[in-house]
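Visitor: pasting the sequence and the predicted model now:
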Amino acid sequence: MTASTETRPGEFQIVTTQRQTVAIVRNNVAFGEIAQVQHSSRAKIAAALKTIDAGAQGAALTMWSRRGEGRMQLDPGVTVERVFAPAGDVVAAELPGGRAAFYRLVGPYEQLPQAWDKLIGWCDARELKRADVNWEVYETASGPTGQPETGLYMLLA
């Protein structure tokens, strides 16, 4: 997890994130292509991690920002220990450090659009200026529900 503070599911918070090196595949996609691009990008990352010198693999994540006209920058990836030379479409990048609005979704990934709407609404209600750098960190199912947990981060300007 990139937050320095633990939160409970369904709780909004401002957290401090630490910079982390990630292995990602950069994509500019239409909203309808998200699932396909996630799948193909994760296959590329899994293959590249066998051959690159990036150190231990950490949490799966997706960085994203809106690009208008039904498109978005969508960069699926994983955290890694160190920067590495590009391997095909897989490149080293960095999750930013700084203040971020945070929300933990406990439930299926199909609920992510509504969770992002809630986080955006929470920021807007507090007049928090967003930097248009967003990411999701996918955590293993845990706790009594056995549901997936996803940390949603929205960097603040």
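Guide: Nice, thanks for sending it over.
Visitor: in the longest strand along the chain, which residues are buried?
Guide: With secondary structure taken from DSSP state E, the chain has its longest strand at strand 57-68. Under the neighbour-count criterion of 16 or more other C-beta atoms under 10 Å, strand 57-68 has 58-64 buried. (Glycine included, C-beta is placed from N, CA and C.)
Visitor: can I get the residues you listed in CSV including distance to G32?
Guide: As requested, the buried residues of strand 57-68 are exported to CSV (distance: C-beta to C-beta, whole Å):
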residue, distance to G32
G58, 30
A59, 26
A60, 22
L61, 22
T62, 16
M63, 19
W64, 15
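Visitor: what's the closest of these to A93?
Guide: M63 (7.4 Å; C-beta to C-beta).
Visitor: now do the strands in this structure.
Guide: 12-17, 20-25, 28-30, 57-68, 71-80, 90-95, 98-106, 130-139, 149-156.
Visitor: looking at those strands, which one is packed in the most?
Guide: strand 20-25 (a mean of 22; mean count of other C-beta atoms under 10 Å).
Visitor: ok, for A92, nearest residue in space, not its chain neighbours?
Guide: In this structure, A92 finds its nearest non-sequential neighbour in V83, 4.5 Å apart by C-beta to C-beta, 6 or more residues apart in numbering.
Visitor: next one: that neighbour from A43, what distance?
Guide: Separation of V83 from A43 (C-beta to C-beta, to the nearest Å): 22 Å.
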